[in-house]
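S.K.: Quick one, fold the following:
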Amino acid sequence: MHAMLPYAISDAVLSSSTVAEADYTAWSPPTAYSVGNRVIRTTGVHRIFERLVPGTTSTAPESDPVNWLNIGPTNRWAMFDGAVGTWTTGSSPLTVQLAMPAAYNDIVLLGVTGTQVQISVGGTLVRTVSVPAPAVAALGSTVVITGLAAAASTLQISLTGTGTLGIGLCAVGTLIYAGDTEAKPRLGLIDYSGRTIDDYGNIDIVQRGFARTIDAQVTLLPSGLDSLVRTLAALRSTPAIWMGYQPLGASLLYGWPVDWSLALHKGLVRGSIRLQSLAIG
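M.R.: Now for the predicted structure:
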């Protein structure tokens with residue numbers, strides 16, 4: 001098992017993108033807005049807001065929930081917003097350039113719609129990866145690129161293909177060891193959909209999002225116990241990349257440990273870790 005806390009992508013890190021941040025016009029304090037008007041806030045915010053009350057206000061939308069509803073990230077920044085239900089979409093090539101502030105080794109892309117991903121470090125092409133066919137077309141594919149061993153440098157990620165391309169989440173960092181996952185981790189799902197059955201047996205279903213779960217049995221040497229406990233504690237409420245069992249792509253999720261138990265047994269540490277993803281869909 002491995003875990004990765006991605007670097008936060010800020011304005012200083014995102015050097016350029018082929019996706020323009022032009023979803024709507026930028027918010028302007030002197031403007032009188034009608035109910036339903038939408039604006040964007042760019043520097044440091046990168047969100048879309050919808051007007052709830054007609055009029056003019058001088059308070060920025062992100063600090064004014066009475067007058068403005070936070071709709072979600074702008075298209076350009078959706079792949080960096082830390083959520084799995086938003087996508088950055090664009091035409092081929094969909095390219096971003098990041099000024100990485102520190103060393104990194106791995107990249108995980110979730111919700112990818114496209115054909116091929118190219119990775120360039122310091123201006124040099126270092127990796128070309130084909131995007132696997134998605135299990136569910138609407139959710140896209142997962143692309144994992146490891147072993148880059150890159151120092152602080154310029155990182156360029158370029159997605160090519162036909163039609164509308166998309167990336168749901170871009171995570172850059174270094175996967176750290178969290179124990180050996182024993183074979184056959186248990187995969188599950190928590191469904192947030194609503195189901196109502198009336199007196200006649202008619203069912204009304206409201207489809208909502210869902211979260212994926214992984215129950216893994218892990219084994220490691222006692223020397224790694226302190227590090228694993230610190231990792232589990234530090235990431236208990238922080239979304240991170242978790243790779244439960246590398247040969248099984250479905251065992252990778254973006255979420256946190258919700259329950260775990262470890263014990264020393266016959267010179268080894270053995271236990272169970274339950275992971276849960278952020279809501280999808």
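S.K.: In CSV, could you pull the C-alpha coordinates for stretch 74-89?
M.R.: C-alpha atoms of stretch 74-89 as CSV (Å, rounded to 0.1, in the frame of the first residue of the first chain):
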residue,chain,number,x,y,z
THR,A,74,-13.6,27.6,-13.1
ASN,A,75,-12.9,25.2,-15.9
ARG,A,76,-9.2,25.9,-15.9
TRP,A,77,-8.8,25.1,-12.2
ALA,A,78,-11.2,22.2,-11.8
MET,A,79,-8.4,19.6,-12.1
PHE,A,80,-6.6,21.3,-9.2
ASP,A,81,-9.6,21.9,-6.8
GLY,A,82,-9.1,18.8,-4.7
ALA,A,83,-12.5,17.3,-5.7
VAL,A,84,-13.3,14.3,-7.9
GLY,A,85,-16.6,15.5,-9.3
THR,A,86,-15.3,18.4,-11.3
TRP,A,87,-13.4,18.3,-14.6
THR,A,88,-11.1,20.6,-16.6
THR,A,89,-12.2,20.1,-20.2
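S.K.: what does that stretch contact?
M.R.: With contacts defined as CB atoms under 8 Å, 6 or more residues apart in numbering, stretch 74-89 is touched by 9, 14, 17, 19-21, 23, 40, 42, 46-48, 72-73, 90, 94, 96, 110-111, 113, 140, 164-170, 209, 239, 254, 277-281. Every residue, glycine included, has its C-beta placed from N, CA and C.
S.K.: who are the neighbours in contact with Gly173?
M.R.: Met4, Leu5, Pro6, Tyr7, Tyr104, Asn105, Asp106, Ile241.
S.K.: Relative to Pro101, how far out is it?
M.R.: 12 Å (CB to CB, to the nearest Å).
S.K.: ok, back up a step: select only the buried ones of the contacts of stretch 74-89 in ChimeraX?
M.R.: The buried residues among these can be selected in ChimeraX (16 or more other CB atoms under 10 Å) with this line:
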select :9,14,17,19,23,40,46,47,48,73,90,94,96,110,111,113,140,165,166,167,168,169,170,239,254,277,278,279,280
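S.K.: thinking again about what came up before, in helices only, show me the contacts of Gly173.
M.R.: Among those, none falls in helices (DSSP state H).
S.K.: Sort out for me which of those residues are in strands.
M.R.: Met4, Asp106, Ile241 (DSSP state E).
S.K.: Helices of this protein, start to end?
M.R.: Taking DSSP H, the helices of the chain run over residues 225-234.
S.K.: per-domain residue ranges of it.
M.R.: 2-14+80-176, 22-73, 178-277 (automatic domain parsing).
S.K.: Reformat these as a markdown table; add mean pLDDT.
M.R.: As requested, the domains of the chain are exported to a markdown table (pLDDT from 0 to 100):
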| stretch | mean pLDDT |
| --- | --- |
| domain 2-14+80-176 | 94 |
| domain 22-73 | 96 |
| domain 178-277 | 89 |
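S.K.: Serialize the contacts of Gly173 to TSV and add fields for distance to Tyr177.
M.R.: Listed next are the contacts of Gly173 as TSV, based on distance: CB to CB, whole Å:
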residue	distance to Tyr177
Met4	11
Leu5	14
Pro6	17
Tyr7	19
Tyr104	16
Asn105	12
Asp106	12
Ile241	13
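S.K.: As CSV, those residues with distance to Asp180 and neighbour count would be great.
M.R.: Formatted as CSV, the contacts of Gly173 follow (distance: CB to CB, whole Å; neighbours: other CB atoms under 10 Å):
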residue, distance to Asp180, neighbour count
Met4, 17, 24
Leu5, 21, 17
Pro6, 23, 21
Tyr7, 26, 17
Tyr104, 24, 22
Asn105, 19, 16
Asp106, 18, 22
Ile241, 18, 24
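S.K.: hmm, back to that, any residues in contact with both of Gly173 and Pro101?
M.R.: With CB under 8 Å, 6+ apart, Gly173 and Pro101 have common neighbours Tyr7.
S.K.: you'd agree Met4 is up against Ala178?
M.R.: No - with contacts counted by CB atoms under 8 Å, Met4 stays clear of Ala178, the gap being 10.0 Å.
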